[in-house]
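S.K.: Sequence first, then the predicted structure:
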Amino acid sequence: MVIKTEPFILNMGPQHPSTHGVFRMRVTLDGEVVVDLEPVIGYLHRGIEKMGENRTYTQIIPLTDRLDYVASMTNNFAYVLAVEKLAGIEIPERAEYLRIIMAETMRISSHLMAVGFFLNDLGAMMTPVLYMWREREKLLDLYEMVCGQRLTYNYMRIGGVSHDVPEEFLPALKKFVAEMPRFIDEYDQLLAQNEILLVRSKGVGILPREIAINTAASGPVLRASGVNWDIRKADPYSIYDRFDFEIPVGTVGDNYDRYWVRMQEMRQSVRILEQAMAQLPKGEICAKVPHLLRPPVGEVYGHIESPRGELGFYLVSDNSIAPYRFRIRPPTLINLTALKDMVVGWKVADLIITFGSIDVVMAEIDR
Amino acid sequence: VTTALNGEQVAKEITEVFPGAVVTADKATVVVTTKSLYQVAEFLKSTPALGFDYLTNLTAVDYVDYFEVVYHLVSLKHNHSLVLKTRCHDRDKPVVPSVVNLWRSADFQEREAYDLMGIIFDGHPNLKRLLLWEGFVGHPLRRDYL
């Protein structure tokens, strides 16, 4: 006798521990196998693009903190770079280096969260995350030293940064940089040689190279699929051309490769930090920029390699104190386009970890 | 470094294949008619020397007289970029052909432009609001929305 079966629709989220925020997936299932998936988003939409049109260029900086709150420094960085490109502002050397230090420590901090929560999604409840947080905590202490904040920093300014680093900052960072490679080795041993992690993530959630490019995936998701594309190398901004580092590239594009790329990127960030600290010059930290900046009429698209991918700002200026159009290119929203391709044919449990491997932050997707 | 292609140069190449498609071009951008947008986009993607395989950013701007839809294209192979634009003068029903068939990254971004700016992307397989809810009235990113 043939058993009559039919696919059914499962509503996952918006409130679900595995969705990393308020994210809903409309999943069509055949038994336990995913046959279709539609992401439903917008639960955290605050209209930041519209708000930006009514604020001065400087007032927008704190708004950018509220996009990808796990990596606020890089949001600040991308935005101020775009404005500086638009208005043609040169910034002091020391500020460039401080920005690089902040951006790379932020990358480590963000990847620690990503890797930790990836293990959480695999069922290793909280233990790996707490190890990652041990190191992330040190970075948050560093940020607190320079700007008094631990999550939404509002540290960068158009023309430089808001404060110089205090005396105790560099010794603390030096200590962190010296210790970090050993910690990464420790995690690698703990995690990458773990049977459960390997079985659950190798060969699962494969994103082929062509689809990754066609859906404009970026960041670790794109590189795990074997595309050597990192904006720090492909289109160097700020002073990234002065540092010696490598771009880790995956081979298959499965969940393990995405995890592996993030682990390797942390090592490369440590290398950049060592060089940046050695080269850090003395001097001014902020250029003289008018309080009410009026960039010339025109438009600019500035993009950087944020921990999650290509974070872009498209600004249109009409020579007033507020941008005429303020558009954010959110990396994770666009990375989500390929989610369906990655999960169809796999089971619900694999859907959870594949979604986790993209490393989303809902505040950035919904803006 | 990603080189930005000269818009005038690319416009010349486009005009050779599609006469009358280019509205205007300057150093950084090419503006084409909405009618020819899909063909031009296909041409930019499939011509080996241009090879724009990566649509990184798609957005719309409301200039009150017209809407401008902006495409930031990159070629990962040649490491060059181009800004392609098209303009719609009809405020009540701005229609632009969808490029989802060429670059799937346009999927969510076109839905977002429809949601917030009210641009209708003809040929999009699933054109519905992305960020706001189904019953929402109006398109908040338009200049006349208060």
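M.R.: Here it is on my side, so go on.
S.K.: gap between the helix or strand of chain B with the lowest mean pLDDT and the chain center?
M.R.: For chain B, scoring each helix and strand by mean pLDDT, DSSP states H and E identifies strand B:3-4 as the least confident one, at a mean of 78. The gap between where strand B:3-4 is centred and where its chain is centred comes out at 18 Å by Cα atoms, centre = their mean, to the nearest Å.
S.K.: Report the rounded mean pLDDT for the helix or strand that it is followed by.
M.R.: If you walk from strand B:3-4 toward the C-terminus, the next helix or strand you reach (DSSP states H and E) is helix B:7-17. Helix B:7-17 shows a mean pLDDT of 83.
S.K.: Flag every buried residue along helix B:7-17.
M.R.: Going by neighbour count (16 or more other Cβ atoms under 10 Å in any protein chain shown), the buried part of helix B:7-17 is B:7, B:10, B:11, B:13, B:14. C-beta coordinates here come from the backbone N, C-alpha and C atoms, glycine included.
S.K.: Contact partners for the residue nearest to residue A:27 when sequence neighbours are not counted?
M.R.: Taking Cβ to Cβ, 6 or more residues apart in numbering or on different chains as the measure, residue A:27 lies nearest to residue A:10, with 4.7 Å between them; neighbours along the chain are not counted. Residues in contact with residue A:10 (Cβ atoms under 8 Å, 6 or more residues apart in numbering or on different chains) are A:26, A:27, A:28, A:29, A:348.
S.K.: Enumerate every residue touching the fourth one.
M.R.: For residue A:29, the residues meeting the contact criterion (Cβ under 8 Å, 6+ apart) are A:7, A:8, A:9, A:10, A:35, A:348.
S.K.: Just the buried ones from these?
M.R.: Listed as buried from these is no entry at all; burial here means 16+ other Cβ under 10 Å.
S.K.: Mind checking which of these land in strands?
M.R.: The subset of the contacts of residue A:29 located in strands under the criterion DSSP state E comprises A:8, A:9, A:10, A:35.
S.K.: Kindly reformat those residues as CSV and extend each row with pLDDT.
M.R.: Formatted as CSV, those follow (pLDDT from 0 to 100):
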residue, pLDDT
A:8, 86
A:9, 88
A:10, 86
A:35, 89
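S.K.: Max pairwise distance over those: which two?
M.R.: Across the ones in strands among the contacts of residue A:29, the longest distance by Cβ to Cβ is 11.0 Å; it joins A:10 and A:35.
S.K.: Overlap in contacts, the two.
M.R.: A:28, A:29.
S.K.: circling back: with respect to chain B, which of the contacts of residue A:10 is nearest?
M.R.: Proximity of the contacts of residue A:10 to chain B was ranked by Cβ to the nearest Cβ; the top entry is residue A:26 with 11.9 Å.
S.K.: does the closest one count as helix, strand or coil?
M.R.: Reducing the assignment at residue A:26 to three states with DSSP: H, G, I helix; E, B strand; the rest coil gives strand.
S.K.: Would you map the helices across chain B?
M.R.: B:7-17, B:37-46, B:106-117 (DSSP state H).
S.K.: Write out the residues of chain A neighbouring chain B.
M.R.: Taking Cβ under 8 Å from any Cβ of the partner chain as the contact definition, chain A meets chain B at A:41-42, A:45, A:47, A:49-50, A:211, A:213-216, A:218, A:227, A:229, A:234-236, A:301, A:303, A:310, A:312, A:314, A:316, A:324-325, A:327, A:329, A:333-334, A:336-338, A:366-367.
S.K.: can you rerun that using 6 Å?
M.R.: Counting by Cβ under 6 Å from any Cβ of the partner chain, the positions of chain A adjacent to chain B are A:42, A:45, A:50, A:213-216, A:229, A:234-235, A:301, A:312, A:314, A:316, A:325, A:327, A:329, A:333-334, A:337.
S.K.: In the stretch 51-200 of chain A, which residue sits closest to chain B?
M.R.: Scanning the stretch 51-200 of chain A for proximity to chain B using Cβ to the nearest Cβ identifies residue A:53 as nearest, at 8.3 Å.
S.K.: Which of the residues in stretch A:314-328 are classified as buried?
M.R.: For stretch A:314-328, burial by neighbour count (16+ other Cβ under 10 Å) applies to A:314, A:315, A:316, A:317, A:321, A:322, A:323, A:324, A:325, A:326, A:327, A:328.
S.K.: What of stretch B:45-57?
M.R.: Buried residues in stretch B:45-57 (16+ other Cβ under 10 Å): B:45, B:50, B:51, B:52, B:53, B:54, B:55, B:56, B:57.
S.K.: gap between the two ends of it?
M.R.: Using Cα to Cα, to the nearest Å, the gap from the first to the last residue of stretch B:45-57 comes to 15 Å.
S.K.: where do the strands sit along the stretch 251-367 of chain A?
M.R.: Remark: strands assigned in the stretch 251-367 of chain A by DSSP state E, counting those that start in this stretch are A:298-306, A:309-317, A:325-329.
S.K.: For the shortest one, which outside residues touch it?
M.R.: Strand A:325-329 is contacted by residues A:49, A:52, A:53, A:312, A:314, A:316, A:367, B:57, B:59, B:61 when judged by Cβ atoms under 6 Å, 6 or more residues apart in numbering or on different chains.
S.K.: before we move on, the earlier item: quick one, what contacts the residue of the stretch 51-200 of chain A closest to chain B?
M.R.: A:322, A:326.
S.K.: and if you look at residue B:114?
M.R.: Taking Cβ under 6 Å, 6+ apart as the criterion, residue B:114 is in contact with residue B:127.
S.K.: can you check residue B:2 too?
M.R.: Shown in contact with residue B:2 (Cβ under 6 Å, 6+ apart): A:235, B:79, B:81.
S.K.: Give the buried subset of the residues you listed as a ChimeraX selection command.
M.R.: Provided next is the ChimeraX selection string for whichever of these are buried by 16+ other Cβ under 10 Å:
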select /A:235 /B:81
